[in-house]
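Enquirer: sequence and predicted structure below; questions after.
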Amino acid sequence: MTELFYDKSVTCIACGQAFKTKRMRVNSVRIEKVDGDFCPHYTAENPLYYDVNVCPHCKLAFTDNFSPLSLANKERLTQGYLHKIQVHDLCGERTWQDALRSYELALVTSQLVNEKMLMQANLALRIAWLYRYEHRSADEQRFLRIAVDLYVKMYQEQNYDTEVMPDAKLMYIIAELFGRLKEWNKTKVWFSHLFTDQTADAKWRARGRDRWLEFKAMIKEETEDPDGYAGT
Ligand SMILES: [Zn+2]
């Protein structure tokens with residue numbers, strides 16, 4: 001088992017101390033399938049469990065993509081929040097519970113330090129995926145809701161880097177998440193934004209069309225009068 005993992009050296013963005021934390025080797029990862037919202041399903045160990053670093057010195061949870069902390073944020077975290085949280089060492093192999101805890105803490109960190117909305121949304125989406133793995137649908141939906149609200153806000157405020165998140169991909173994921181929340185009107189509206197945007201990457205429009213067909217089939221099964229949707 002041990003060759004699945006390696007120890008990655010990380011420097012904490014709050015306390016500046018170095019530590020080692022487990023990561024999975026890329027070549028040991030086997031993907032079985034990927035859901036419409038990019039949730040990967042693995043045949044064995046799940047590398048997503050290890051994306052969040054949890055500093056064993058000050059307990060801050062963050063990912064490699066977090067922005068450097070301002071002095072004010074560092075002081076706010078180290079003088080307040082970090083004194084209050086209880087967390088055991090999460091630098092070794094992680095259970096599902098450990099992974100959930102690390103992502104929950106990272107989401108809180110991202111909110112406290114005002115990380116980019118994309119980061120906050122992505123963390124919420126990953127927590128939803130963790131619940132999906134365990135078939136905890138109500139919890140999954142709660143975090144899908146947090147994620148989609150953030151993605152919509154980002155889009156409305158045009159507050160994201162299109163190099164990292166192209167417009168078409170953002171419209172696609174918003175439509176997809178509304179579909180998973182069974183908010184059919186919003187699903188339709190956001191896929192429609194995607195399909196009518198002439199600048200949208202053909203790859204995302206094609207993927208959106210495939211998913212919209214699948215959602216329309218679900219709508220047809222669930223609604224008595226699906227014509228308004230199925231005829232689109
Ligand atoms: Zn630290």
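Expert: Looks like it came in fine. Numbering: from 1, shown residues only.
Enquirer: next helix or strand past the host helix or strand of T21?
Expert: Element membership for T21, per DSSP states H and E: strand 18-24. Going down the chain from strand 18-24, the next helix or strand is strand 31-34, by DSSP H and E.
Enquirer: for that next one, give me every contacting residue.
Expert: P40, H41, Y42, T43 (Cβ atoms under 8 Å, 6 or more residues apart in numbering). The C-beta positions use only the backbone N, C-alpha and C, and glycine is treated the same way.
Enquirer: scan those residues and report the most crowded one.
Expert: Y42 (16 neighbours; other Cβ atoms under 10 Å).
Enquirer: and that one, what does it touch?
Expert: V29, R30, I31, E32.
Enquirer: what sits closest to P68 if chain neighbours are left out?
Expert: Leaving aside its sequence neighbours, P68 sits nearest to I13 (Cβ to Cβ, 6 or more residues apart in numbering; 6.3 Å).
Enquirer: try Y160
Expert: M154 (4.7 Å).
Enquirer: again with S9
Expert: That would be K20: by Cβ to Cβ, 6+ apart, it lies 5.7 Å from S9.
Enquirer: show the pLDDT at the one you found.
Expert: Per-residue pLDDT puts K20 at 98.
Enquirer: repeat for D227
Expert: So, for D227, pLDDT stands at 56.
Enquirer: what does T232 give?
Expert: So T232 comes in at 51 (pLDDT).
Enquirer: for the ion, what are the nearby residues on the chain?
Expert: When proximity is defined as Cβ under 5 Å from the ion, the chain approaches the ion at C12, A14, C15, C55, H57, C58, L60.
Enquirer: by neighbours, which of those wins?
Expert: Going by other Cβ under 10 Å, L60 tops the residues of the chain next to the ion with 26 neighbours.
Enquirer: which residue ranges of this structure form helices?
Expert: 71-76, 82-84, 96-112, 117-133, 137-157, 167-180, 184-196, 202-222, 227-230 (DSSP state H).
Enquirer: mind checking which of these is nearest N65?
Expert: Smallest distance to N65 across the helices of the chain (Cβ to Cβ): 6.6 Å, for helix 117-133.
Enquirer: which intervals of the protein have sub-threshold pLDDT?
Expert: 1-2, 224-232 (pLDDT under 70).
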